[in-house]
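# Here is my input; please provide its structure:
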Amino acid sequence: MTGSGLRRRLAGVARGRSGTLREPAAQAASVWRRSLQLRVVTSTVALSSTVVVVLGMVLQTQIAERLIESKIQAAVLQAENSQTVVDFELGSADPAPGSLASRLTTAVDRLTSATGADEATATAGAFEPVLVDGGDSTGAADTGQSVGPLQDVPAELRTAVEGGSLAHKITTVATESGPTTVLAVGVPVSSAERDLQLYLLFPLTAEQRTLSLVQSTLVVGGLVLLVLIAGIASLVTRQVVAPVRQAAEVAERFAEGHLEERITVLGEDDTARLGTSFNEMAASIQRQIRQLEEFGALQRGFTSDVSHELRTPLTTVRMAADMLFESRDEMPTALSRSSELLVHELDRFEALLGDLLEISRLDAGVAELQGETVDVRDTVTRAVESVRALAERVGSPLRTALPDTEVLADIDPRRVERIVRNLLANALDHGEGEPLDVVLAADATAVAVVVRDHGVGLRPGEAERAFTRFWRADPSRNRRTGGTGLGLSISLEDARLHGGWLQAWGRPGRGAAFRLTLPRRRGGELQGSPLPLSPDGSPPEPEPVLEGEQTPDGVAEVSR
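Numbers count the residues shown, from 1 in each chain. Purely as a prediction, here's the structure:
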């Protein structure tokens, strides 16, 4: 394997491991964001842990200080009592050098045998004495004799005691069982005209065991306390979170269309008031939705009935108008012109009725696709040719860009042709005589058609309203196509029947663009569009948003 190949393989392994590590972290972050109870319990335990740790440290420090203070007081009292014993034992000591060592040993033995004889000894505990001869008061020779482990006495303590002061110091000494912490207490002893120093070494093993027991008790007690706090916080939080979760679940089911869903209300507290308010709001929304549904049904029924009822008289009027139009050459000029206007307005009236009937079928949900596999280029070409004469009349050249190879897709050719024709008619109305561009492209899963004009464009917020029924961007403008105001709305519904998108983009002075994107296979799901919508290119396709929402780049996503 080459070096670059090995690096790529190692990088792939690293990315795999990184992804494996990121998945649990992402799941944990999702649980953290979604669970109010978890956040409250975790925050409570974290704050309680801080309080418990600080309180434990304070208690441990206080207990340690009290133990050491009591030990020092008992040790000092023991040292003073031991000083009296040594004075008594050495009071008649012969200053001769030969007897001093034995008398020092006898005094130390006396101290050792006196352990536990009085209350001070019992309180201070066991100790090891050290007796040091500092020489006679006249400065004679034969000094430096000692009995006991003099090497365990700190030099600072010896200096203080040799100066005539009672002193104590905590130090660490080496023993057979390892380093041991001891409390060393020293007192000066003057006897038989000699300067002596007495040191008592008190092991602090018992105090250390006591501190260890206190630490263990504090740790175990703190952990038990935190567990209890976590349980209590969880129970208390659950009492608040449970009604909120129930309200959220009921609200989700209500939003899905289950309008009979209500929150079970128990008690008279704040959560009960929340449930009552939610139920009242849900009931009000349900009534309004039913009223709107009834009104919409009446409106659709009225539109459908009127459209059908007008068909019969319109047919009769059409027959009469056609007869007059065919005989216009035999009429006076005024009557001939009137017959032409009559036929023209009847054409517009028939187109309006056709659009109203189509809207009625779409609203009723009875519109069906007549799908077949066709070359989309032919469908787009027929739509372009149907408006070419009108485009030449208004002076707007039609520029098409179609692929050289077949673009096969499972579509309803009649509906797709109507969509493209409506987009072209809308572009002619707002193109200001500028050229119109029609572009067709396809990829493995989708086919797209973009119709763009270079006219007045769309102001901010108008792209999302372009598909509203009977809405016009500028009511004062003269329509060149005689449209009914329903073309784009019908086109949107036709695109939805195909499972596709119909999207709008526009900028004032830069024109507008409409993009139709359809799956190449019936029932396919769109993941993107083969064509950009804005003239300067679009980023990777976002997920389609609900009708009427506006994306940051000014594109109105109108697919559901």
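
# Secondary structure element for Ala321, which one?
helix 270-326 (DSSP states H and E).

# And Val132, by the same measure?
strand 128-136.

# what pLDDT, on average, does that strand get?
For strand 128-136, mean pLDDT rounds to 73.

# Kindly report the same for stretch 157-167.
85.

# Could you tell me whether Ala367 really is in a strand?
No: using DSSP: H, G, I helix; E, B strand; the rest coil, the assignment for Ala367 is coil, not a strand.

# quick one on the thing from earlier: ok, then the element right after the helix holding Ala321?
helix 333-364.

# Okay, angle between that following helix and helix 270-326 too, please.
Put simply, helix 333-364 runs at 150 degrees to helix 270-326, going by axes from the mean of the first three to the mean of the last three CA atoms, to 10 degrees.

# Which strands and helices lie in contact with helix 333-364?
helix 270-326, helix 487-497 (3 or more CB pairs under 8 Å, 6 or more residues apart in numbering; DSSP states H and E). (Glycine included, C-beta is placed from N, CA and C.)

# what separates it from the chain centre, distance-wise?
Relative to the chain's own centre, helix 333-364 is displaced by 56 Å; criterion: CA atoms, centre = their mean, to the nearest Å.

# Same check on stretch 317-332?
With CA atoms, centre = their mean, you get 72 Å for stretch 317-332.

# Please identify the buried residues of that stretch?
Residues 318, 321, 324-325, 328 are the ones in stretch 317-332 that count as buried (16 or more other CB atoms under 10 Å).

# Which one of those is nearest to Val58?
Arg318 (99.9 Å; CB to CB).

# Could you list the paired strands of the longest strand along the chain along with their orientation?
Among the segments of the chain that qualify as a strand by DSSP state E, the longest is strand 178-191. Using DSSP bridges, the strands paired with strand 178-191 are strand 167-175 (antiparallel), strand 194-203 (antiparallel).

# so how far is that strand from its chain's centroid?
On CA atoms, centre = their mean, the centre of strand 178-191 falls 64 Å from the chain's centre.

# What of stretch 47-58?
For stretch 47-58 - counting by CA atoms, centre = their mean - the centre lies 30 Å from the chain centre.

# just for the stretch 151-300 of the chain, where's the confidence low?
The stretch 151-300 of the chain contains residues with pLDDT under 70 at 191-194, 299-300.

# please redo it, this time with the cut-off set to 90
Counting by pLDDT under 90, the stretch 151-300 of the chain contains low-confidence ranges at 151-212, 214-215, 217-218, 221-222, 226, 229-280, 282-283, 285-300.

# now do the stretch 401-550 of the chain
Ranges of the stretch 401-550 of the chain meeting pLDDT under 90: 412, 414-415, 418, 422, 425-434, 444, 454-499, 506-511, 521-528, 532-550.

# try 80 this time
460-465, 467-487, 535-550 (pLDDT under 80).

# follow-up on the earlier one: which other helices and strands does the helix holding Ala321 contact?
helix 205-255, helix 333-364.

# now these in JSON lines, with mean neighbour count?
Shown next, in JSON lines, are these (neighbours: other CB atoms under 10 Å):
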{"stretch": "helix 205-255", "mean neighbour count": "14"}
{"stretch": "helix 333-364", "mean neighbour count": "15"}
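
# what's the closest of the ones you listed to Gln62?
Here helix 205-255 is closest among those (CB to CB), at 10.1 Å.

# Quick one: list the elements packing against that closest one.
helix 36-90, strand 178-191, helix 270-326.

# Please identify the deepest-packed of those.
strand 178-191 (a mean of 19; mean count of other CB atoms under 10 Å).

# okay, the angle between that strand and helix 36-90?
40 degrees.

# What angle do helix 205-255 and strand 178-191 make with each other?
Going by the same axes, to 10 degrees, strand 178-191 makes 140 degrees with helix 205-255.

# Dump the C-alpha coordinates for strand 178-191 into PDB.
What follows is strand 178-191, C-alpha atoms only, in PDB (Å, rounded to 0.1, in the frame of the first residue of the first chain):
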ATOM      1  CA  GLY A 178       6.600   3.200  57.400                       C
ATOM      2  CA  PRO A 179       6.400   7.000  57.900                       C
ATOM      3  CA  THR A 180       4.400   7.900  61.000                       C
ATOM      4  CA  THR A 181       3.100  11.400  62.000                       C
ATOM      5  CA  VAL A 182       3.900  12.300  65.600                       C
ATOM      6  CA  LEU A 183       3.400  15.200  67.900                       C
ATOM      7  CA  ALA A 184       6.700  16.200  69.500                       C
ATOM      8  CA  VAL A 185       6.500  18.200  72.800                       C
ATOM      9  CA  GLY A 186       9.600  19.400  74.500                       C
ATOM     10  CA  VAL A 187      10.200  21.000  78.000                       C
ATOM     11  CA  PRO A 188      13.400  22.100  79.700                       C
ATOM     12  CA  VAL A 189      14.500  20.300  82.900                       C
ATOM     13  CA  SER A 190      17.000  21.800  85.400                       C
ATOM     14  CA  SER A 191      18.200  19.300  88.000                       C
END
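
# Contacts only, for the nearest residue to Leu342 once chain neighbours are set aside.
What sits nearest to Leu342 in space, not counting adjacent residues and going by CB to CB, 6 or more residues apart in numbering, is Ala321, at 4.9 Å. Taking CB atoms under 8 Å, 6 or more residues apart in numbering, we find Ala321 in contact with 339, 342-343, 346.

# what's the pLDDT at Ala321?
Looking at Ala321, the pLDDT reads 80.

# could I get the helices and strands packed on helix 270-326 as JSON lines with distance to Pro403?
Formatted as JSON lines, these follow (distance: least, CB to CB, whole Å):
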{"stretch": "helix 205-255", "distance to Pro403": "43"}
{"stretch": "helix 333-364", "distance to Pro403": "30"}
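
# Out of those helices, which gets nearest to Thr400?
Of these, nearest to Thr400 by CB to CB is helix 333-364, at 24.9 Å.

# tilt between the closest one and helix 487-497?
30 degrees.

# Toward the C-terminus, what is the element adjacent to helix 333-364?
Assigned by DSSP H and E, the successor of helix 333-364 is strand 372-375.

# And the following helix or strand past that following strand, what's buried?
Using DSSP H and E, the helix or strand that follows strand 372-375 towards the C-terminus is helix 376-394. For helix 376-394, a neighbour-count test (16+ other CB under 10 Å) marks 376-377, 379-381, 383-384, 387, 391 as buried.

# and helix 376-394, what other elements does it pack with?
Against helix 376-394 (3+ CB pairs under 8 Å, 6+ apart) you get strand 398-401, strand 408-411, helix 413-430, strand 436-442, strand 446-453.

# And the average pLDDT for it is what?
pLDDT averaged over helix 376-394 gives 90.

# mind giving me the domain split of the protein?
1-30, 79-211, 369-557 (automatic domain parsing).

# Using TSV, lay out the contacts of Ala321 together with pLDDT.
Listed next are the contacts of Ala321 as TSV, based on pLDDT from 0 to 100:
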residue	pLDDT
Ser339	81
Leu342	83
Val343	79
Leu346	80
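
# Between which two of the residues you listed is the distance greatest?
Ser339 and Leu346 (10.5 Å).

# ok so, going back, tell me which of the strands paired with strand 178-191 approaches Asn81 most closely.
Of all the strands paired with strand 178-191, strand 194-203 comes closest under CB to CB, at 10.0 Å.
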